[in-house]
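Engineer: Dropping a prediction and its sequence here:
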Amino acid sequence: QVQLVQSGGGLVQPGGSLTLSCAASGFTFSRAIVNLMWYRQVPGKERELVARTNSAGRTNYADSVKGRFTISRDNVKNSEYLQMNSLKPEDTAVYLCHAAGWFGPDVTGNDYWGQGTQVTVST
């Protein structure tokens with residue numbers, strides 16, 4: 001069974017940095033063809049795609065985070081990360097990792113989410 005377990009997040013002052021982690025189990029990164037993504041959710045607003053990386057290592061970012069956030073994956077640790085620098089109050093949200101694609105011959109699903117973690121940017 002595929003699971004995505006998030007860690008990191010918390011309270012940080014404006015201009016600070018945080019790193020979010022998303023550890024995957026139930027499939028092997030190096031054998032799967034999946035897009036790995038980070039979304040964020042603010043109450044009353046639509047869920048926003050923040051960053052995405054595919055199996056080839058290509059990355060895309062929302063305009064609001066370009067130059068400040070970096071998405072990465074570690075095929076050895078079976079994990080994805082979101083490095084967030086120069087954080088602003090408007091980055092405050094629940095952040096969720098998401099994996100979608102083909103997870104291997106033993107996995108029937110094609111879409112999985114982490115449990116979400118709160119990031120609060122405030123003085």
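Structural biologist: Looks like it came in fine. Numbers count the residues shown, from 1 in each chain.
Engineer: Show me the strands in this protein, by range?
Structural biologist: Along the chain, counting by DSSP state E, strands occupy 3-7, 10-12, 18-25, 33-41, 48-53, 59-61, 69-74, 79-84, 93-102, 111-113, 117-121.
Engineer: Format the ones you listed as a markdown table; extra columns: mean neighbour count.
Structural biologist: Bear in mind the C-beta positions are built from the backbone N, C-alpha and C, glycine included. Below are the strands of the chain laid out as a markdown table (neighbours: other Cβ atoms under 10 Å):
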| stretch | mean neighbour count |
| --- | --- |
| strand 3-7 | 16 |
| strand 10-12 | 13 |
| strand 18-25 | 19 |
| strand 33-41 | 20 |
| strand 48-53 | 19 |
| strand 59-61 | 16 |
| strand 69-74 | 18 |
| strand 79-84 | 22 |
| strand 93-102 | 20 |
| strand 111-113 | 15 |
| strand 117-121 | 17 |
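Engineer: Can you pull up the most central residue in this structure?
Structural biologist: W38 (3.0 Å; Cα atoms, centre = their mean).
Engineer: export stretch 52-67 as PDB, just CAs?
Structural biologist: Taking Å, rounded to 0.1, in the frame of the first residue of the first chain, the C-alpha atoms of stretch 52-67 are listed here in PDB:
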ATOM      1  CA  ARG A  52       6.000  19.800  -9.500                       C
ATOM      2  CA  THR A  53       8.800  17.500 -10.600                       C
ATOM      3  CA  ASN A  54       8.600  14.500 -13.000                       C
ATOM      4  CA  SER A  55      10.600  11.300 -13.200                       C
ATOM      5  CA  ALA A  56      13.000  13.000 -15.600                       C
ATOM      6  CA  GLY A  57      13.700  15.700 -13.000                       C
ATOM      7  CA  ARG A  58      12.000  18.500 -14.800                       C
ATOM      8  CA  THR A  59      10.500  21.000 -12.400                       C
ATOM      9  CA  ASN A  60       7.700  23.600 -12.600                       C
ATOM     10  CA  TYR A  61       6.700  26.300 -10.000                       C
ATOM     11  CA  ALA A  62       3.900  28.600  -9.400                       C
ATOM     12  CA  ASP A  63       4.800  32.200 -10.200                       C
ATOM     13  CA  SER A  64       4.200  33.200  -6.600                       C
ATOM     14  CA  VAL A  65       7.100  31.000  -5.400                       C
ATOM     15  CA  LYS A  66       9.600  31.000  -8.300                       C
ATOM     16  CA  GLY A  67      13.100  31.800  -7.100                       C
END
